[in-house]
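>>> sequence and predicted model, in that order:
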Amino acid sequence: MALEFALLIVIFAAIVVSATFLAHIFSELTRLPRLIFYIIVGLIIGPLFLNLLNPEFLIINEGQFLQAVVSIAVAVIVFEGGYSFNRCLPHEQACSPMEFRRLIGIVLRLSLIGGLVTAVLMTLVFFFVAAIIPPFAILMGVLTMITGPTVINPVVRRLGIKEDIAFTLEGEGLINDAIGVILASAIFTAILASLSGIPIAVPIVVTVNLLIGIGAGFAVGGIGVFISQWVGPKFNARYKDQIDPHSLAHLSRIGMLIAAFATFALAETFAHHAGIVAALIAGIMLGNRDKFGIGPEIDWEDYESYDMKQHIEEGVYAFQSDLVQLAIATVFLLLTAFITWELLFVTLFTPFFLAGLIVVGLLTLVVRPLAIMVSTIRTSFTFRERIFISFFGPRGIVIAATGVFFSLTLTLNYGFVYPQLTGYIFLIVLMTVVIQSAVAPALAKTCDICPVEYGEKEEE
């Protein structure tokens, strides 16, 4: 059994690396998100066809293996999203500190006001349209407020969307990841407590988890900023003649990876799912410290004829980007292993599918547009720009991973099988990614939010 398990891990690792490589080619040729390719590969190697991965394999040790792998992947993804927050713009042009703060205000409005509107309205949709019992309707309503920055970012870059809109969409996804997971985790904890007959105060759980996540994020992020901005210059001044620039760049990449894992682990030690908030905050602090005026600048001119700063920054971003693609591939290949023939039949060939189509339609055409319009009142965005933001909000990796974890916990620990949870989540993710990514180019052109340079470049 141990040998078989080890062999499967090696085979899976080879599949992940190969899928990441092929997904890049697939995305370039088809102009579709890589996530679609990962889902296709996951279905092939899962119980539907080759059965290399299946739910029985993944729930070894009560699902701890799956939880550990996905947690590490999510930590890397969220931290990198925060770190490259100001680089989500299509032409890699970072905005000024004042503009950065203004856009942060808009992002917070989208996440707090828009997220609340989405959660409330989708709870009603799940209750009245999908006939989901109230506790799970609330849980799924909160989950649907989580958008997918890992899906949004490639589409935004490819289309060359205006910088402020690109930044806003990416930021909304990152903040919603953290807030949505914390809220959903607290509600799910309350559901589990009710199944065990133990009362629990959801507001207290939410508050505690948020405070722990924020505290851990600022703690590790602050330590990282201190090392990079105060200790770093002194270290460089003293040892610049002894350390090769390439070694310093390598140390910087490893340091960012340590920060991601340390932040996530520290917060998770005190509260489950607080790690996402912590990793996000630490990433934002470390990657955007110049936007907040944190710390002194390193005198990079000490390195003659060598653009050391640019070399280190580009190396860190490239390293994190590769890790994120591997992490995304790992998570989706693992999660699609839970799609069995039984779940597929329930999803596609029962009244559930019609209800799912209605749910996705209401989310895309009614709920999100209403939430965006309400939360962007009196902002600098034009009506056309608000229209694009309203109709482009695909769901991605975090909502899928969280939904599967909840379903797995219910089944393993409480013997409570609720296929609607996993079914609706996968249907929402798949349909929003495919449809919204396909219509995004035409919608962006109609709303006139692509800069002229991008259009001219495409014509050439």
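Yes, it's here.

>>> going forward, measure contacts and count neighbours with C-alpha atoms only.
Fine.

>>> pull out the buried positions in the longest helix along the chain.
If you go by DSSP state H, the chain has its longest helix at helix 163-196. Using 16 or more other C-alpha atoms under 10 Å as the burial criterion, the residues of helix 163-196 that qualify are 163-192.

>>> buried residues in the helix or strand just after it?
Counting by DSSP states H and E, the next helix or strand C-terminal to helix 163-196 is helix 202-226. Residues 202, 205-206, 208-222, 224-226 are the ones in helix 202-226 that count as buried (16+ other C-alpha under 10 Å).

>>> so what secondary structure elements neighbour helix 202-226?
With contacts taken as 3 or more C-alpha pairs under 8 Å, 6 or more residues apart in numbering; DSSP states H and E, helix 202-226 sits against helix 163-196, helix 245-270, helix 274-287.

>>> that helix vs helix 163-196, what angle?
On the basis of axes from the mean of the first three to the mean of the last three C-alpha atoms, to 10 degrees, helix 202-226 is oriented at 130 degrees to helix 163-196.

>>> tell me, how many neighbours does the closest residue to residue 191 other than its chain neighbours end up with?
Leaving aside its sequence neighbours, residue 191 sits nearest to residue 135 (C-alpha to C-alpha, 6 or more residues apart in numbering; 6.8 Å). With neighbours defined by other C-alpha atoms under 10 Å, the count for residue 135 comes to 16.

>>> how close does residue 135 sit to residue 420?
13 Å (C-alpha to C-alpha, to the nearest Å).

>>> could you do residue 441 as well?
Distance, residue 441 to residue 420, using C-alpha to C-alpha: 32 Å.

>>> how about residue 278?
Separation of residue 278 from residue 420 (C-alpha to C-alpha): 30 Å.

>>> ok so, going back, what is in contact with residue 135 and residue 420 at once?
Common neighbours of residue 135 and residue 420 are not found (criterion: C-alpha atoms under 8 Å, 6 or more residues apart in numbering).

>>> residue 251: neighbour count?
Using other C-alpha under 10 Å, residue 251 has 14 neighbouring residues.

>>> circling back to that earlier point, pretty sure the residue nearest to residue 191 is touching residue 192, no?
No: at 10.4 Å, residue 135 does not count as touching residue 192 under the criterion of C-alpha atoms under 8 Å.

>>> so what's in contact with these two at the same time?
Counting by C-alpha under 8 Å, 6+ apart, nothing touches both residue 135 and residue 192.

>>> and residue 358, what pLDDT?
Per-residue pLDDT puts residue 358 at 96.

>>> so what's it up against?
Residue 358 makes contact with residue 129 under the criterion C-alpha under 8 Å, 6+ apart.

>>> can you rerun that using 10 Å?
Taking C-alpha atoms under 10 Å, 6 or more residues apart in numbering as the criterion, residue 358 is in contact with 125, 129, 130, 352, 364.

>>> among the residues you listed, which ones are in helices?
Using DSSP H, the contacts of residue 358 in helices are 125, 352.

>>> got CSV for the contacts of residue 358, with neighbour count too?
Below are those laid out as CSV (neighbours: other C-alpha atoms under 10 Å):
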residue, neighbour count
125, 23
129, 15
130, 20
352, 18
364, 22
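
>>> pick out the shakiest of the helices and strands packed on helix 202-226, pLDDT-wise.
Ranked by mean pLDDT, these bottom out at helix 245-270, which scores a mean of 78.

>>> look up how far residue 27 lies from the closest residue to residue 217 other than its chain neighbours.
In space, and not counting its chain neighbours, residue 217 is closest to residue 278: 3.7 Å by C-alpha to C-alpha, 6+ apart. To residue 27, residue 278 is 31 Å away according to C-alpha to C-alpha.

>>> what's the answer for residue 437, then?
Distance, residue 437 to residue 27, using C-alpha to C-alpha: 11 Å.

>>> tell me which of the two has more neighbours.
Between residue 437 and residue 27, counted using other C-alpha under 10 Å, the more crowded position is residue 437 (23 against 16).

>>> the more buried one reaches residue 153, doesn't it?
No: with contacts counted by C-alpha atoms under 10 Å, residue 437 stays clear of residue 153, the gap being 11.0 Å.

>>> overlap of the contact sets of these two?
residue 33.

>>> quick one on the thing from earlier: what's the neighbour count on the residue nearest to residue 217?
34.

>>> list the residues that contact it.
Residue 278 neighbours (C-alpha under 10 Å, 6+ apart): 75, 78-79, 178, 210-221, 260, 262-268.

>>> switch the cut-off to 8 Å
If you count contacts by C-alpha under 8 Å, 6+ apart, then residue 278 has 212, 213, 214, 215, 216, 217, 218, 263, 264, 267 around it.

>>> can you give me the pLDDT of residue 132?
Value listed for residue 132 in the pLDDT field: 92.

>>> in three-state terms, label it for me.
With DSSP: H, G, I helix; E, B strand; the rest coil as the basis, residue 132 sits in coil.

>>> count of neighbours near the closest residue to it other than its chain neighbours?
Excluding the flanking residues, the one nearest residue 132 by C-alpha to C-alpha, 6+ apart is residue 126, at 5.6 Å. Look at residue 126: counted by other C-alpha under 10 Å, it has 23 neighbours.

>>> how close does residue 126 get to residue 434?
Using C-alpha to C-alpha, residue 126 is found at 22 Å from residue 434.
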